[in-house]
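Asker: Need coordinates for the following:
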Amino acid sequence: MKTEYIVVVDYNLARFGDVKMMTSYAKERYGLETILIRPNPQPFDSQVAGTIVDLDPRGAGFIENALRALEPYQGSIRAVLPFSDNAVQRGAMLAECLGMTADSSLLAQNAYSKISYRQAESAARQMLEGQGIMVPRFATVRTRAELEAFAASCPRGF
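Answerer: Model prediction:
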């Protein structure tokens, strides 16, 4: 029988127990081994994955390097789980590159960056408001003067 895998892309240390429980369940219930992609892996990471790849999902060349590292497992990967804020966008991109059903990597940035989310929301303002969805005003504020200008443009408060 051919070994099959799930790929966990990064995780926050506070979620170690959750990741361990998930990967144990995947192995016990479905016979899936785990490949962990994470920057600066530590010895305890071997408790959640048999194969560990030292890559930073926010680093340059992540997709190309991850695909190269996963090449021996092509055709055997059943799921990609982006499991940290840092992995949301590029984890989705990796899943797309592997031909898997995934959240849109283009929209995934909005889950990571509030500014990207507000910009996309603002671009769709007319459509959203036409459906009765309130779209809040927003501004990037770096100085007190910018804050005061934004406050002045919102006479009913913000």
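Asker: can you give me the strands for the protein?
Answerer: Secondary structure of the chain, counting by DSSP state E: strands at 4-11, 32-38, 51-54, 77-83.
Asker: As a markdown table, those strands with mean pLDDT would be great.
Answerer: Listed next are the strands of the chain as a markdown table, based on pLDDT from 0 to 100:
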| stretch | mean pLDDT |
| --- | --- |
| strand 4-11 | 96 |
| strand 32-38 | 97 |
| strand 51-54 | 98 |
| strand 77-83 | 93 |
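Asker: Is it possible to get TSV of those that adds distance to residue 94 and mean neighbour count?
Answerer: (Glycine included, C-beta is placed from N, CA and C.) Below are the strands of the chain laid out as TSV (distance: least, Cβ to Cβ, whole Å; neighbours: other Cβ atoms under 10 Å):
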stretch	distance to residue 94	mean neighbour count
strand 4-11	6	23
strand 32-38	8	23
strand 51-54	11	16
strand 77-83	6	21
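Asker: can you list those in CSV and add distance to residue 45?
Answerer: Shown next, in CSV, are the strands of the chain (distance: least, Cβ to Cβ, whole Å):
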stretch, distance to residue 45
strand 4-11, 9
strand 32-38, 6
strand 51-54, 5
strand 77-83, 12
